[in-house]
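Visitor: no FASTA, just this:
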């Protein structure tokens, strides 16, 4: 991060009209970061999605009904199971990425299937969680707590579905390739692996907020201020 | 050069200094460029009419598509403003005009002009056309996604326009769409109208995100050899920073649009408090309308700079080219663009002073708002100093640029008034605010758009627009715009409220009636004057003077393509190599008064550039 900030400041302080700088500039390749276009796109999407999810979190914290038991959703086992599933997905994707780096190719297909299957399992379990909430009488319009929960999980799910679309494309390509040619897809795998990690981080932050931001914590914070 | 005498400090040009270092070594040394490391881009060339002009992947065609669609929405917005002014200047003259219609026209005019006209035109239109050309790329990095981006925008416009034809008509809740009234019965268009508006905005944001990805990655990762970030024209800096702002601000619009759609359709209460209607408690409850205001203005204020920053960048380049001088303080101009962009995220609540807030927040947001005036003023000074003792060509492009500077300063000064809580509160709901924001983010950017159209039309069409018609267009617009908005400030000062369909028997009406008539007449004339440009374009396309290559003698890469207008791929067989920044104008010792970015040092060995 430090070097990134340094790079920004050193770039912005260049004097392009001066001879010394011109000699350096003419050597420039035209690329700012040593990243593929796909990876750049994913990083930018992270930025946008982070803002999107942050605003939802802010809205959630802003309009939490005082009478709401904020630990209600956490008491259902499914939310914990889903979190565990997402950890496994992230682990397997990271393993695929590492295998690519080490040129170990024999388990890539199998791990890609794990990733896809667990991701779909996560989505199904999320729907099941919604169903559980609904049969207990907690609908999207019950109050702003549940509205935020449904809204966040729906958006997270849509992001995951988007990722699964590209996972499908890359996986089908891998299945058509000989093992020695898997490297052709390394760039895409790296990008997808980072994307899944991001989805996990977003989920984790959400989960932490749900877990931490409850009446006891609010009371504790208030006691600090007073 | 008089500047040479005044500015005692001058240094050897990069080219000659390098030459001296090598003291007569082969010219190949000073012209050395590293071999290309970024692989050539595979382009899909359309062969049929559909793939070449409709579902086209060439950023230039997409830019023109964005431009034409945005202009269409702009004409709709203009007609709506005429209808509003007809009512305000001559109440009752348009028999069909009811209060509901008036509010619908106000709402649609505002949203169309801010989002679908100005934003789409600057970023979608100029962004697509100019970015690859100016940074020396063959196209955007993801041409297919870029094409989808335009069609999402097109669908968003179609959905928005459809709201004119649904039962109840378009939403009339004001362009800020404040809940709870926006979705409750009693507000015009609270049924399908508001829903279509929200869906359209969501589609717009999704489409723009696809385009924005392309702009950012093309600028950061796909420039040609030698094109460092600090050798980019300020136009690209402006579009780049505005895109970053848009990528961070539009999610707020998306989130609030989706949340309000859910409030309307599924009965959630994100923005809906407990409401008592005709003695009956509605099912809503627990939500916060103020949350919507925060989200909306978290998008809404950066939106001002999403429009303004590309305008700042473009006008800097136009002034430099047409004053034949390097831009004064290039680095400061870049810093100011970046600084304004960053600060724009810390000022949003100055739109909410009248909503009520902790006084310390009011103090904070007033302070940040006033701080933004610093980098903005830096830019104004630099434009003026660039003009100072330049070889100014008073052509149509320059007139628009000068008109912009004056208008922007005017609009900016009233912004300083309104940034202060105590001044804003009494003026907030008056015509003073309407005059302020129309000057600063309506007329001022429009002047840049016009200047840019006259400047780059020869590149797009290969023909020069008619200068005489252009000057008529400028003077009628310029004088007319001031006839509209100067008196409007006065109306605000005497307390005439905005958003009123009519003034009834209030004293405002009697004191303001003549002025309202005058403003309306001026608005009709200014609106009609815009058709001079359309006439000029049609005439030029048929019989205009051929532009030839680089008619303005500019330095940036878009004027140095293999053909004019540029073909798909922009630069023929070989991408250009950049040897200098784009502002080497009137360089002492040079044969001509411009040195293109592609000119290698060996061709200009005896030149000097001034130190800025």
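Guide: Done, it's in. Remember, predicted model here, so these are calculated numbers, not experimental data. Residues are numbered from 1 along each chain as shown, chains lettered A, B, ... in the order given.

Visitor: what's the closest non-adjacent residue to residue B:390?
Guide: Counting by C-beta to C-beta, 6 or more residues apart in numbering or on different chains, residue B:323 is the residue found nearest to residue B:390 once chain neighbours are left out, at 3.2 Å. The C-beta positions use only the backbone N, C-alpha and C, and glycine is treated the same way.

Visitor: show me what contacts that neighbour?
Guide: B:386-387, B:390-393, B:398, B:585 (C-beta atoms under 8 Å, 6 or more residues apart in numbering or on different chains).

Visitor: just give me the closest of the residues you listed to chain A.
Guide: Lowest distance from chain A to the contacts of residue B:323 (C-beta to the nearest C-beta) belongs to residue B:585, with 11.6 Å.

Visitor: that closest one bridge partners, please.
Guide: Counting by DSSP bridges, residue B:585 is bridged to residue B:594.

Visitor: do you know the pLDDT at it?
Guide: Model confidence at residue B:585, given as pLDDT, is 95.

Visitor: ok, residue B:352 next?
Guide: So, for residue B:352, pLDDT stands at 94.

Visitor: ok, it - contacts?
Guide: B:290, B:293-294, B:297.

Visitor: if any of those residues are buried, put those into a PyMOL selection.
Guide: A single PyMOL command selects the buried members of the contacts of residue B:352 (16 or more other C-beta atoms under 10 Å in any protein chain shown):
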select buried, chain B and resi 290+293+294+297
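
Visitor: just the strands in the stretch 251-400 of chain B please.
Guide: B:276-277, B:280-281 (DSSP state E, counting those that start in this stretch).

Visitor: among those, which comes closest to residue A:71?
Guide: strand B:280-281 (29.1 Å; C-beta to C-beta).

Visitor: any part of that closest one near chain A?
Guide: No - residues of strand B:280-281 are not located near chain A by C-beta under 8 Å from any C-beta of the partner chain, the shortest gap being 14.9 Å.

Visitor: what strands flank that strand, and is each parallel or antiparallel?
Guide: strand B:276-277 (antiparallel).

Visitor: now the strands of the stretch 251-400 of chain B as JSON lines including mean neighbour count and mean pLDDT?
Guide: What follows is these, written out as JSON lines (neighbours: other C-beta atoms under 10 Å in any protein chain shown; pLDDT from 0 to 100):
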{"stretch": "strand B:276-277", "mean neighbour count": "10", "mean pLDDT": "89"}
{"stretch": "strand B:280-281", "mean neighbour count": "8", "mean pLDDT": "92"}
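
Visitor: can you redo those strands as TSV with distance to residue A:209?
Guide: Output for the strands of the stretch 251-400 of chain B, formatted as TSV (distance: least, C-beta to C-beta, whole Å):
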stretch	distance to residue A:209
strand B:276-277	33
strand B:280-281	31
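
Visitor: before we move on, the earlier item: now the buried members of the contacts of residue B:323.
Guide: B:386-387, B:390, B:392, B:398, B:585.

Visitor: ok, those vs residue B:32, which is closest?
Guide: residue B:585 (25.3 Å).

Visitor: check contacts around that closest one.
Guide: Counting by C-beta under 8 Å, 6+ apart, residue B:585 has contacts B:320-321, B:323-326, B:555, B:593-595.

Visitor: ok, now residue B:432?
Guide: Contacts of residue B:432 (C-beta under 8 Å, 6+ apart): B:414, B:417-418, B:488-489, B:491-493.

Visitor: tell me which residues of the host helix or strand of it come out buried.
Guide: Residue B:432 is located in helix B:431-438, with elements delineated by DSSP states H and E. Buried residues in helix B:431-438, counting neighbours by 16+ other C-beta under 10 Å, are found at B:431-438.

Visitor: where does chain A dip in pLDDT?
Guide: A:1, A:213-226 (pLDDT under 70).

Visitor: what is the longest helix of the chain by residue count?
Guide: All of this is about chain A. As assigned by DSSP state H, the longest helix anywhere in chain A is helix A:144-176.

Visitor: that answer is for a different chain, and I need it for chain B
Guide: Assigned via DSSP H, chain B shows its longest helix as helix B:507-543.

Visitor: show me what the mean pLDDT comes to for the next helix or strand after that one.
Guide: Downstream of helix B:507-543, the first helix or strand assigned by DSSP H and E is strand B:545-546. For strand B:545-546, mean pLDDT rounds to 96.

Visitor: with stretch B:327-337 instead?
Guide: The model assigns stretch B:327-337 a mean pLDDT of 96.

Visitor: now what about it, what contacts it?
Guide: Here stretch B:327-337 has contacts from A:12-17, B:230, B:234, B:237-238, B:241, B:309, B:312-313, B:316-317, B:319-320, B:375-376, B:378-379, B:382-383, B:385-386, B:388, B:581, B:583, B:612, using C-beta under 8 Å, 6+ apart.

Visitor: what's the first-to-last distance across stretch B:570-581?
Guide: By C-alpha to C-alpha, to the nearest Å, the extent of stretch B:570-581 from end to end equals 20 Å.

Visitor: name the residues of it that come out as buried.
Guide: Quick answer for stretch B:570-581 (16+ other C-beta under 10 Å): B:570-571, B:575-581.

Visitor: and stretch B:174-192, by the same measure?
Guide: Neighbour-count burial for stretch B:174-192 [16+ other C-beta under 10 Å]: B:174-175, B:177-180, B:182-184, B:187-192.

Visitor: and which of those residues is nearest to chain A?
Guide: Of the buried residues of stretch B:174-192, the one sitting nearest to chain A (C-beta to the nearest C-beta) turns out to be residue B:179, at 12.5 Å.

Visitor: residue B:547 versus that closest one, what's the distance?
Guide: Per C-beta to C-beta, to the nearest Å, residue B:179 is found 51 Å from residue B:547.

Visitor: what about residue A:131, how many neighbours?
Guide: Neighbours of residue A:131 under the rule other C-beta atoms under 10 Å in any protein chain shown: 11.

Visitor: what sits against it?
Guide: Here residue A:131 is in contact with no residues (criterion: C-beta under 8 Å, 6+ apart).

Visitor: and the residue lying closest to residue B:596 once chain neighbours are set aside, how many neighbours?
Guide: Spatial nearest neighbour of residue B:596, chain neighbours left out: residue B:555 (4.9 Å); criterion: C-beta to C-beta, 6+ apart. For residue B:555, the neighbour count with other C-beta under 10 Å is 25.

Visitor: and what of residue B:227?
Guide: Residue B:227 - counted by other C-beta under 10 Å - has 29 other residues nearby.

Visitor: are we agreed that it is in a helix?
Guide: No - per DSSP: H, G, I helix; E, B strand; the rest coil, residue B:227 lies outside any helix segment and is coil.

Visitor: how near is it to residue B:554?
Guide: Between residue B:227 and residue B:554 the distance is 16 Å, computed by C-beta to C-beta.
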